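> Mind looking at a prediction? Sequence and model below.
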Amino acid sequence: MTPQQAAAAGRDGFRQRFGTGPDGVWLAPGRVNLIGEHTDYQQGLCLPIAIERHTAVAARRRQDGRVRAWSGVLAAAAEADLRSLAPRPGPNWFNYVAGVLAGLGIPRGVDLFVFGDLPLGAGLSSSAALEMAVAVALNDLFALSRTPEQLAAVGQRAENLFAGVNSGIMDQMASALGQARKALLLDTRIPTVSAVPFVPEDAGLALVVIDTRAAHQVSGGGYQARFEEARAAAAALGVPALRDAREAEVERLGDPLLRRRARHIVTENARVVEVVAAAGRGDWPAVGQAFFASHRSLAMDYEVSHPALDLVVSVAREVPGVLGARLTGAGFGGSAIALLRTEAEAELIARLRAQYARRGWAPFTCAAVQAAAGARRVEGGGTPG
Ligand code: GLA
């Protein structure tokens, strides 16, 4: 979806739903994390890129305190009053919207038409994209003057308090601060981002995302369990966060489960540094090797992989021209990434397709992605109301 397409679709969709034109249209990208997985809730490092798939919102200010929202993606409506915003039970898309509304404390209500081309449940941060699209829209419409970092923090709180997921801040930072041709070295301790060049295409390579179609659910229990285990490991080591732990100390941890969890996080932080350095000197094979090592660590030590993700990575290892592959995002299903020579993509898809067919699994999808710009207005915006 180009910005022009988003602007047109937002205008038309809003008018159909609410009978008038919107004040403006905003969009926010999904993200793919290159490396640095399950580190962000232990003050660690991550290296995401924003991608050219978006959640968008067309919005119009109201004179009263009502909020009306329509999701064109889910064909679902929701209404609320600004004075009584509260989490709704169960997985509910409106919680992400309500959490941002509550976090920004806007003076009057708003009508929202939500749409986009970012698949839900694929591990590409559709929820963070929704939060950031709404956040930039409200920031503009009500002249709130929040920085992208502040909007990301509002999104993370929405996730924590309204959606009940103890996620870190990676997804919101990536969606808010994405840049074309750059990966974002995110230090979640501060949190701050420094952009590093990431253009594998210039070396004849591509980064592909393989959506395994194994449904991924961050609100399931696995993510929360890892969050708690990581916290327990930090406490056992006597450090504020696993960011501060050394590998040798981790190996002395008595509890084997906590040892493995901590080992993943500590070695993963080191791999982020390694990948930034390797990409900087154009050493793509080293980047790929770090991807494979990350996947092994996520599968063996952190235990957040899934048979479909393991299959993608093991097939990828066998295909000449594939430099590396790993699960991306929370895991437990969702998507994997592979860094490969462009001409290797067809072979990877063919071999994987054969393996999927043998197992009778529903087909996966595979698409090349490039580093893209972050959340922004694509149409209108209005004067402060
Ligand atoms: C999800 C969370 C992020 C991060 C990743 C794992 O995407 O929302 O904060 O923890 O999982 O790296």
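All right, it came through fine. What you are looking at is a predicted structure, and each value in this text was computed from that prediction instead of being measured. Numbers count the residues shown, from 1 in each chain.
> What strand or helix carries residue 248?
In this structure, residue 248 sits in helix 247-251 according to DSSP states H and E.
> what distance separates that helix from the middle of the whole chain?
Helix 247-251 sits 30 Å away from the centroid of its parent chain (CA atoms, centre = their mean, to the nearest Å).
> Who are the packing partners of it?
helix 221-237, helix 256-280 (3 or more CB pairs under 8 Å, 6 or more residues apart in numbering; DSSP states H and E). Just so you know, the C-beta spots here come from the backbone N, C-alpha and C atoms, and that holds for glycine as well.
> Let me know which of the ones you listed is tucked in deepest.
Greatest average neighbour count among the helices and strands packed on helix 247-251 goes to helix 256-280 (a mean of 20), per mean count of other CB atoms under 10 Å.
> residues of the helix or strand just after that helix that come out buried?
Moving toward the C-terminus from helix 256-280, the next helix or strand (DSSP H and E) is helix 284-300. Within helix 284-300, the residues scored as buried using 16 or more other CB atoms under 10 Å are 284, 286-299.
> Just want the most central residue of this protein.
The residue lying closest to the centre of the chain (CA atoms, centre = their mean) is residue 125, at 3.3 Å.
> was I right about that one contacting residue 46?
No: applying CB atoms under 8 Å as the test, residue 125 and residue 46 come out as separate, 12.0 Å apart.
> what touches both of these two?
When contacts are counted by CB atoms under 8 Å, 6 or more residues apart in numbering, the set common to residue 125 and residue 46 is empty.
> which residues does residue 211 contact?
By CB under 8 Å, 6+ apart, the neighbours of residue 211 are 119, 122, 123, 124, 334, 335, 364, 365, 366.
> Distance of it relative to residue 37?
Going from residue 211 to residue 37 by CB to CB, to the nearest Å gives 17 Å.
> cool, residue 90 as well?
Distance from residue 90 to residue 37, by CB to CB: 27 Å.
> Surely residue 71 is in contact with residue 114?
Yes: using CB under 8 Å as the test, residue 71 is close enough to residue 114 to be in contact (4.6 Å).
> neighbour count winner among the two?
residue 114 (26 against 20; other CB atoms under 10 Å).
> In terms of secondary structure, what does the helix or strand harbouring the more buried one contact?
Counting by DSSP H and E, the element that carries residue 114 is strand 110-116. Helices and strands touching strand 110-116, by 3+ CB pairs under 8 Å, 6+ apart, are helix 3-18, strand 48-61, strand 66-71, helix 94-104, helix 126-141.
> In PDB, please show the C-alpha coordinates belonging to the second one.
Think strand 48-61. The C-alpha trace of strand 48-61 is given here as PDB (Å, rounded to 0.1, in the frame of the first residue of the first chain):
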ATOM      1  CA  PRO A  48      14.500  -4.200  13.800                       C
ATOM      2  CA  ILE A  49      13.500  -2.600  10.500                       C
ATOM      3  CA  ALA A  50      10.100  -1.100   9.700                       C
ATOM      4  CA  ILE A  51       8.600  -2.700   6.600                       C
ATOM      5  CA  GLU A  52       6.400  -1.500   3.700                       C
ATOM      6  CA  ARG A  53       3.200  -3.100   5.200                       C
ATOM      7  CA  HIS A  54       1.000  -0.800   7.200                       C
ATOM      8  CA  THR A  55      -1.900  -0.300   9.400                       C
ATOM      9  CA  ALA A  56      -3.600   3.000   8.600                       C
ATOM     10  CA  VAL A  57      -6.200   5.100  10.200                       C
ATOM     11  CA  ALA A  58      -8.400   7.900   8.800                       C
ATOM     12  CA  ALA A  59      -9.600  10.100  11.600                       C
ATOM     13  CA  ARG A  60     -11.900  13.000  12.300                       C
ATOM     14  CA  ARG A  61     -12.200  15.000  15.500                       C
END
